[in-house]
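Chemist: Need coordinates for the below:
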Amino acid sequence: MSANSLMCALLLAGAVAAGAAEDPVVAVPGGRIRGRLTEDGGAAFKGVPFARPPLGEFRWREPQPVEPWEGVREAAQFRSACTQLSEGWNMHDVTGSNEDCLYLNVATPEWPPKTARPVLFWIHGGSNTAGSGEAAAFDQRTLVVRGLVLVTVNYRLGALGFMAHPELARESPHHASGNYGLMDQQAALRWVRDNIAKFGGDPENVTVAGESAGAMDIGLHLTSPLAKGLFRRAIAESGAVSCFRGSLSRVSAEEIGRRVAAELKAPEGDAIRMLRTVAPEEILKAARIATGGDRGGLETSVDGWVLPEDPADVFVQGRSMPVPLLLGSNAQETGGPEMAEKLRDRIRDTYGLHGRQSAPGPGIPPPVADRALALYGLSGDGEGQTDPLYGPAGRQWFTDVEFRCPAVAEALWHAAAGNVTYQYEFEQPPSGQPTTAHASELNFLFGTWPPGVHLSAADEKVSDQMRGYWANFARTGDPNGEGLPVWPKYSVDKQAYLAFTASGAAEKAEIRRGFCELFIENWKARRDK
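Modeler: The predicted model follows:
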């Protein structure tokens, strides 16, 4: 080799060595962690502890500070999901799930950080009984590449995260029990506030976002004094505070806790000490039996501490946290080919007379149930009306009362208090599907498509628009931006919203107004009874 060739080789080797970046190491509470660089120039940190494992005596206690460790802890793999039973769709999370689960994950768009980026804090769905921080397609980075720092989190689930019991309230310094999963979410938000700047995130620009139970939990945080100052805006997809009849009363929640203890034959007066020794899966199984499958309020409760008041009342009275809120639901979420007579019984049971048994007189409207039956085409003997967008009567009904109308109510209440509100409806079915369904929009937002799915031009357009709106909202509190159709603010009088259709985003108004007005009237009558 000539001298010139040798010199070139040495210079090239030196340049390669200088350009070979090392995986990032960051100091966090407890010690140092090592993440991994990503191919797009960013970094990912997985399985970062934000609280002590809630094991043994720490089961059913507030999240505790992390325990320190020696050396550098690897943050390259997701940690186990919180203990959960099979729901059918959650088999990946069920495998290996355990109580040592209070970890979060951070994805950054650039490394090393050069500017403070807006933070999107994602709370996964799963009825508060299933799922994990691996949700939101963490490794897809569809929102991260748009300049956001993404944080996903695990939180305690089912009876391990939400069981209330008088003995737990007595040992609590706040004289409250239940809502431990909500406390976990708030503990993770405090971790973000104190540490996210080290990852290039702006602690003053945090947006909480979530779907289903995650969205309902976000609505609850909007009414919790413990969440004040932890985030700047919120996105709630298919979940609201009045979903599933709203949060339980303290009395109802503690009665369920007593039934769980009785199912496991725990001694009266010393039940919790014994229950802290029971295998976590047995606790969850006992809770299923104790509730009979009826999980009103997704087991959240008005405990007097995390939730001092009924969350829906806080919204109605205009005292929800005054942050910009973007929320909505899918055109069809849930429900199936319900037999007409069974559906009539459900409507009568839900939209009852509320104590008024007499026939309506002059100026008195018919009972809510009768008006609801007429709206759904079920007043006579027919099978009900089928809507080209919203589907058969049964699918309309379940989507209305469990998702759509609770979101409409929350939007109305939040906007009436003078808070910035944006509402959407997702109408574009996932590729290859005839209709939307619960969680359909997540495919478009996070790219969670099954292998082999071919996206149409319409799918690509809707996905690109949705990601643009969500990223803009996380940056500024306004989803609008260059190249996107205008998304009007929601107001009580116009009730304008954005529909994601096969032709792209389009402005519409008054989602199912008559149906949702009945839902709100019924909710108020139940509340005032």
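Chemist: Every contact and neighbour count from this point should use C-alpha atoms.
Modeler: Will do.
Chemist: which stretches of the stretch 251-400 of the chain have low pLDDT?
Modeler: 353-365 (pLDDT under 70).
Chemist: Quick one: mean pLDDT for stretch 200-211?
Modeler: Across stretch 200-211, the average pLDDT comes to 98.
Chemist: Alpha carbons only: can I get it in PDB?
Modeler: Extracted in PDB, the C-alpha atoms of stretch 200-211 (Å, rounded to 0.1, in the frame of the first residue of the first chain):
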ATOM      1  CA  GLY A 200     -35.600  16.400  24.700                       C
ATOM      2  CA  GLY A 201     -39.200  16.900  25.800                       C
ATOM      3  CA  ASP A 202     -40.700  20.100  27.100                       C
ATOM      4  CA  PRO A 203     -42.200  19.500  30.500                       C
ATOM      5  CA  GLU A 204     -44.400  22.600  30.000                       C
ATOM      6  CA  ASN A 205     -45.900  21.200  26.900                       C
ATOM      7  CA  VAL A 206     -47.400  17.800  27.700                       C
ATOM      8  CA  THR A 207     -50.500  16.400  26.100                       C
ATOM      9  CA  VAL A 208     -52.200  13.400  27.600                       C
ATOM     10  CA  ALA A 209     -53.900  11.200  25.000                       C
ATOM     11  CA  GLY A 210     -55.600   7.800  25.200                       C
ATOM     12  CA  GLU A 211     -58.300   5.600  23.800                       C
END
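Chemist: Just the residues contacting that stretch, thanks.
Modeler: 108, 112-125, 149, 192-197, 215, 218, 230-239, 439, 474-475 (C-alpha atoms under 8 Å, 6 or more residues apart in numbering).
Chemist: repeat that for 7 Å
Modeler: With C-alpha atoms under 7 Å, 6 or more residues apart in numbering as the test, stretch 200-211 has contacts from 113, 115-125, 149, 192-193, 196-197, 215, 231-239, 474.
Chemist: can you check stretch 95-107 too?
Modeler: 43-51, 53-55, 79-84, 133, 144, 149-155.
Chemist: likewise stretch 226-235?
Modeler: Contacts of stretch 226-235 (C-alpha under 7 Å, 6+ apart): 186, 189-190, 193, 205-210, 221, 306, 323-327, 477.
Chemist: sorry, back to before: from the contacts of stretch 95-107, list the buried ones, please.
Modeler: 43-51, 53-55, 79-84, 133, 144, 149-155 (16 or more other C-alpha atoms under 10 Å).
Chemist: Residue 492 versus the residue nearest the centre of the chain, what's the distance?
Modeler: The residue lying closest to the centre of the chain (C-alpha atoms, centre = their mean) is residue 214, at 1.4 Å. Taking C-alpha to C-alpha, to the nearest Å as the measure, residue 214 falls 25 Å from residue 492.
Chemist: And for residue 83?
Modeler: 42 Å.
Chemist: and what of residue 157?
Modeler: The value you get for residue 157 to residue 492, if C-alpha to C-alpha is used, is 36 Å.
Chemist: same check, this time on residue 196
Modeler: Residue 196 is 36 Å from residue 492, by C-alpha to C-alpha.
Chemist: Which residue of the two possesses the greater neighbour count?
Modeler: residue 196 (23 against 15; other C-alpha atoms under 10 Å).
Chemist: got the contact list for the more buried one?
Modeler: 202-203.
Chemist: Go again with 10 Å.
Modeler: 28, 106, 116-117, 119, 149, 151, 189-190, 202-204, 206 (C-alpha atoms under 10 Å, 6 or more residues apart in numbering).
Chemist: Secondary structure and distance to residue 391 for these - can I get that in a markdown table?
Modeler: Output for these, formatted as a markdown table (DSSP: H, G, I helix; E, B strand; the rest coil; distance: C-alpha to C-alpha, whole Å):
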| residue | secondary structure | distance to residue 391 |
| --- | --- | --- |
| 28 | strand | 50 |
| 106 | strand | 39 |
| 116 | coil | 45 |
| 117 | strand | 41 |
| 119 | strand | 37 |
| 149 | strand | 38 |
| 151 | strand | 36 |
| 189 | helix | 39 |
| 190 | helix | 43 |
| 202 | strand | 43 |
| 203 | strand | 43 |
| 204 | strand | 43 |
| 206 | strand | 37 |
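Chemist: Scan those residues and report the most crowded one.
Modeler: residue 119 (32 neighbours).
Chemist: Pretty sure residue 192 is one of the things it touches, is it not?
Modeler: Yes. Look at residue 119 against residue 192 with C-alpha atoms under 10 Å: they come within range, at 8.9 Å.
Chemist: Can I get stretch 296-315 in CSV, CA atoms only?
Modeler: What follows is stretch 296-315, C-alpha atoms only, in CSV (Å, rounded to 0.1, in the frame of the first residue of the first chain):
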residue,chain,number,x,y,z
GLY,A,296,-69.7,0.2,36.1
GLY,A,297,-67.3,3.1,35.7
LEU,A,298,-64.5,0.7,34.8
GLU,A,299,-64.1,0.2,38.5
THR,A,300,-63.0,3.8,39.1
SER,A,301,-64.8,5.4,42.1
VAL,A,302,-65.4,8.7,43.8
ASP,A,303,-62.9,8.0,46.6
GLY,A,304,-62.7,11.5,48.1
TRP,A,305,-59.0,11.9,47.3
VAL,A,306,-58.1,11.2,43.6
LEU,A,307,-61.7,11.9,42.7
PRO,A,308,-63.2,14.1,45.4
GLU,A,309,-66.5,14.5,43.5
ASP,A,310,-68.5,12.8,40.8
PRO,A,311,-66.5,13.6,37.7
ALA,A,312,-69.5,14.2,35.5
ASP,A,313,-70.8,16.7,38.1
VAL,A,314,-67.5,18.6,37.9
PHE,A,315,-67.9,18.9,34.1
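Chemist: List phi and psi for residue 162.
Modeler: phi -140, psi 0 (degrees, to the nearest 10).
Chemist: Could you list which residues are in contact with it?
Modeler: By C-alpha under 10 Å, 6+ apart, the neighbours of residue 162 are 60, 128-129, 156, 177-183, 253, 257, 298-301.
Chemist: can we see that at 7 Å?
Modeler: 178-181, 299-300.
Chemist: With neighbour count, secondary structure and distance to residue 443 added, can I get those in CSV?
Modeler: Converted to CSV, these look like this (neighbours: other C-alpha atoms under 10 Å; DSSP: H, G, I helix; E, B strand; the rest coil; distance: C-alpha to C-alpha, whole Å):
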residue, neighbour count, secondary structure, distance to residue 443
178, 30, coil, 33
179, 27, coil, 29
180, 26, helix, 30
181, 26, helix, 26
299, 28, helix, 27
300, 30, coil, 28
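Chemist: any idea which of those residues is closest to residue 383?
Modeler: residue 299 (33.8 Å; C-alpha to C-alpha).
Chemist: For the closest one, which non-adjacent residue is spatially closest?
Modeler: Leaving aside its chain neighbours, residue 299 sits nearest to residue 162 (5.9 Å; criterion: C-alpha to C-alpha, 6 or more residues apart in numbering).
Chemist: low pLDDT regions in the stretch 1-150 of the chain?
Modeler: Using pLDDT under 70, the stretch 1-150 of the chain drops low at 1-20, 136.
Chemist: what's the nearest residue to residue 494 if we skip its chain neighbours?
Modeler: Using C-alpha to C-alpha, 6+ apart, the nearest residue to residue 494 is residue 509, at 6.7 Å.
Chemist: residue contacts, the one you found?
Modeler: 494-497.
Chemist: Buried residues, the helix ranked longest in the chain. List them.
Modeler: Counting residues, the longest helix in the chain under DSSP state H turns out to be helix 457-476. Neighbour counts over helix 457-476 (16+ other C-alpha under 10 Å) mark 459, 461-475 as buried.
Chemist: just checking, what packs against that helix?
Modeler: Where contact means 3 or more C-alpha pairs under 7 Å, 6 or more residues apart in numbering; DSSP states H and E, helix 457-476 is packed against strand 117-123, helix 440-446.
Chemist: Now with 8 Å, please.
Modeler: On a contact count with 3 or more C-alpha pairs under 8 Å, 6 or more residues apart in numbering; DSSP states H and E, helix 457-476 meets strand 117-123, strand 201-211, helix 440-446, strand 504-509.
Chemist: Buried deepest among the ones you listed, which one?
Modeler: The highest mean neighbour count among those, using mean count of other C-alpha atoms under 10 Å, belongs to strand 117-123: a mean of 28.
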